[in-house]
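Asker: When you get a sec, could you give me coordinates for this:
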Amino acid sequence: MAQLTLLFLLMFGTVVVVPLAGRLRLPFPVLLTLYGVLLGWLPFVPNLRIDPDLLLPLLLPPLLYAAAQRSSWREFAANARPITLLAVALVLVTTAAVAAVADAMIPGLPLAGAVALGALVAPPDPVAATAVAGSLRLPRRLVAILEGEGLFNDVTSLVLYQVAVAAVVGGTFSPVEAAGMLALSAVVGVGIGFAVGLAGRLLLGRLDEPTLQTLLTLLVPFLAYVVADELHGSGVLAVLTTAFYLGSVAEDADNVVGRLTGRSFWEVVDLVVTGVAFGVIGLEMWEIFHDLRGDRGRLFLEAGAVVLTLIVVRGLWLFPVAALARRLHARLPTTGETQTPDPRETVVVWWAGMRGVVTIALALALPLTTDAGDAFPERQRLVAIAFCVIVVTLLLQGVSLPWLVRRLGVSETDDAESHEERRIAAAATKAALRRLRELDEQRDLPDEMVQRLRARQKALLAELKPEGMGEELADAVVERSRRIKLLHEIEAEMTAAARREVIAARGRRGVDPAAADRVLRRLDLRSVR
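Answerer: Residues are numbered from 1 along each chain as shown. Next comes the predicted model:
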């Protein structure tokens with residue numbers, strides 16, 4: 001019961017903290033982590049008891065799936081080069097640099113243990129990156145790069161981590177084995193992801209009930225992750241492959257209720273799991289440091305050296321690589337989709353390297369003992385350093401990133417967003433009018449009906465995005481749009497009154513609640529339409 005109470009407190013904190021973070025203009029993962037620290041400090045709050053091996057399987061699949069749903073494979077493919085340099089090459093370089101620092105500063109820590117520390121702190125967190133990028137209105141190509149790095153870097157870091165831990169536990173290490181594991185993990189993960197995605201597509205096509213469709217989408221990422229993990233593949237790649245495959249398949253345009261239900265559901269799941277994840281980070285941080293014994297001053301020095309290494313290495317890697325990419329982009333022909341970040345955007349990418357859920361899960365999953373029965377070398381110190389890295393990067397970079405974005409002026413402007421929305425709305429209107437012409441040719445519709453439908457469609461475009469449409473729409477159409485909008489407002493008030501009456505009738509004696517619910521559902525669907 002105590003653990004359920006703690007879970008409730010974490011979810012309740014999400015409800016309170018997220019709007020507060022919006023008012024303070026801070027990334028909400030930062031405040032959620034501080035909230036977890038506060039909970040851990042309160043004497044009546046129970047300690048968290050969760051199997052470390054369950055953290056990644058429980059938290060990562062829904063978070064990765066929700067993040068992938070917000071984008072598309074085409075967008076990531078257009079930024080494949082910078083994402084690969086960040087998610088693979090930079091993770092390898094960062095792991096090596098942190099391992100060198102840890103090996104020099106922590107006596108008694110074997111080199112494989114230092115590599116394990118480097119691997120678990122190397123990947124920036126996909127949850128933090130997505131949350132921060134979404135709240136700061138960064139340019140879309142920048143968001144795609146940050147999300148792509150956060151989503152794909154776990155593949156590299158998890159394999160390095162597993163090989164390094166196996167070397168500490170078993171006493172052997174093979175670079176060839178590590179490279180083979182990375183390749184095998186990627187192939188198996190992608191294969192499982194496609195298989196689960198295909199099965200999910202077939203099942204979704206046979207389910208007519210929106211609630212069942214939504215439930216299936218919840219099960220799919222967990223299935224992909226667990227199956228891939230059991231077969232020694234990358235669960236991360238399996239979830240991403242499944243999500244991108246299902247997202248690339250043309251969905252039923254008429255499934256309005258299913259689409260609205262699913263997206264609303266996933267918004268809630270994403271927020272709840274994110275809140276719990278960063279709350280857990282705060283709770284675990286408090287417990288680790290409360291139980292820690294020894295020279296805390298030296299521990300903070302070692303953690304500070306690791307954090308400094310992470311920040312410096314990321315900068316030393318990013319700025320030259322970005323400059324080289326811009327030079328190549330200027331000389332070589334491109335498809336027109338790939339856009340290289342400019343120097344100001346490169347600064348934002350550099351400073352957005354916050355650590356989070358993956359680092360905490362890997363740190364807590366470090367074994368307690370080796371195969372020889374000895375204690376895992378410096379395990380408690382490694383876990384404490386990992387938590388220091390999480391907190392410092394979240395507080396230092398997470399708090400200052402909004403200021404940096406505003407200072408550099410790299411936020412997406414309202415004009416750019418409006419232009420994109422107008423472009424899409426105009427394309428949709430052309431498609432609707434083209435279909436109207438086809439139907440008119442097939443059925444010989446009355447001229448009055450055709451003109452009325454044409455005017456209503458153009459009025460809908462004006463209603464969707466009225467600014468900037470004056471050159472395209474005549475004054476009469478704009479006026480008609482205002483009248484239709486007024487008509488919709490009045491009709492909405494009438495429908496709302498009908499809904500209130502049904503809700504009131506549901507509580508009266510002699511009224512069948514199920515019948516009232518069915519009537520209310522039809523009214524709600526009418527409002528949606």
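Asker: switch to C-alpha atoms for all contacts and neighbour counts from now on
Answerer: Noted.
Asker: quick one: the strands in the stretch 401-529 of the chain?
Answerer: Counting by DSSP state E, counting those that start in this stretch, one finds no strands in the stretch 401-529 of the chain.
Asker: pLDDT weak spots in it?
Answerer: For the stretch 401-529 of the chain, applying pLDDT under 70 flags the ranges 412-426, 456, 458-481, 484, 527-529.
Asker: which SSE is residue 155 in?
Answerer: Assigned by DSSP states H and E, residue 155 belongs to helix 140-170.
Asker: how far does that helix sit from the chain's center?
Answerer: 15 Å (Cα atoms, centre = their mean, to the nearest Å).
Asker: Stretch 49-59 now?
Answerer: Relative to its chain's centre, stretch 49-59 lies at 18 Å (Cα atoms, centre = their mean).
Asker: mind listing what's buried in it?
Answerer: For stretch 49-59, the neighbour count (16 or more other Cα atoms under 10 Å) marks 52, 55, 56, 57, 59 as buried.
Asker: any residues touching the helix or strand containing the fourth one, and which ones?
Answerer: Counting by DSSP H and E, the element that carries residue 57 is helix 52-69. Outside helix 52-69, the residues within contact range by Cα atoms under 8 Å, 6 or more residues apart in numbering are 126-127, 130, 147, 151, 218, 221-222, 225-226, 236, 239-240, 243-244, 247, 266-267, 269-270, 273-274, 277, 358, 361, 364-365.
Asker: Select only the buried ones of the residues you listed in PyMOL?
Answerer: Only the buried entries of the contacts of helix 52-69 go into this PyMOL selection, using 16+ other Cα under 10 Å:
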select buried, resi 126+127+130+147+151+218+221+222+225+226+236+239+240+243+244+247+266+269+270+273+274+277+358+361+364+365
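Asker: Just give me the residue right at the centre of this structure.
Answerer: Geometric centre of the chain, nearest residue: residue 67, 3.1 Å, by Cα atoms, centre = their mean.
Asker: which element follows the helix holding residue 57 toward the C-terminus?
Answerer: helix 73-78.
Asker: What mean pLDDT does that next one get?
Answerer: The pLDDT scores in helix 73-78 average 73.
Asker: Walk me through the domains of this protein.
Answerer: Split into domains by automatic domain parsing, the chain comes to 2-412, 417-528.
Asker: Name the stretch among those domains that sits most buried.
Answerer: domain 2-412 (a mean of 19; mean count of other Cα atoms under 10 Å).
Asker: what ranges do the helices span in the stretch 101-250 of the chain?
Answerer: 111-121, 126-136, 140-170, 175-206, 210-230, 235-248 (DSSP state H, counting those that start in this stretch).
Asker: ugh, wrong one, the stretch 401-529 of the chain
Answerer: Under DSSP H, counting those that start in this stretch, the stretch 401-529 of the chain gives helices at 414-443, 447-464, 475-506, 513-528.
Asker: one step back: just put the helices of the stretch 101-250 of the chain in a markdown table and tack on distance to residue 103 and mean pLDDT.
Answerer: Putting these into a markdown table (distance: least, Cα to Cα, whole Å; pLDDT from 0 to 100) gives the following:
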| stretch | distance to residue 103 | mean pLDDT |
| --- | --- | --- |
| helix 111-121 | 6 | 91 |
| helix 126-136 | 28 | 65 |
| helix 140-170 | 13 | 81 |
| helix 175-206 | 18 | 86 |
| helix 210-230 | 30 | 90 |
| helix 235-248 | 29 | 87 |
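Asker: out of those helices, nearest to residue 38?
Answerer: With Cα to Cα as the measure, helix 126-136 is the member of these nearest residue 38 (19.8 Å).
Asker: quick revisit: take the helices of the stretch 101-250 of the chain and lay them out in JSON lines including distance to residue 28.
Answerer: Converted to JSON lines, the helices of the stretch 101-250 of the chain look like this (distance: least, Cα to Cα, whole Å):
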{"stretch": "helix 111-121", "distance to residue 28": "21"}
{"stretch": "helix 126-136", "distance to residue 28": "7"}
{"stretch": "helix 140-170", "distance to residue 28": "17"}
{"stretch": "helix 175-206", "distance to residue 28": "31"}
{"stretch": "helix 210-230", "distance to residue 28": "24"}
{"stretch": "helix 235-248", "distance to residue 28": "24"}
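Asker: Can you say which of the ones you listed is nearest to residue 25?
Answerer: Comparing the helices of the stretch 101-250 of the chain by Cα to Cα, helix 126-136 comes nearest, at 8.3 Å.
Asker: Can you report phi and psi for residue 369?
Answerer: Main-chain torsions, residue 369, degrees, to the nearest 10: phi -140, psi 170.
Asker: which one is it nearest to, not counting chain neighbours?
Answerer: Distances taken as Cα to Cα, 6 or more residues apart in numbering put residue 375 closest to residue 369, at 4.3 Å, once the chain neighbours are dropped.
Asker: List the contacts of residue 508.
Answerer: Per Cα under 8 Å, 6+ apart, neighbours of residue 508: none.
Asker: How about the backbone phi and psi for it?
Answerer: Dihedral angles (degrees, to the nearest 10) for residue 508: phi -90, psi 150.
Asker: The one 3 residues further on now?
Answerer: The phi/psi pair for residue 511 (degrees, to the nearest 10) reads phi -100, psi 130.
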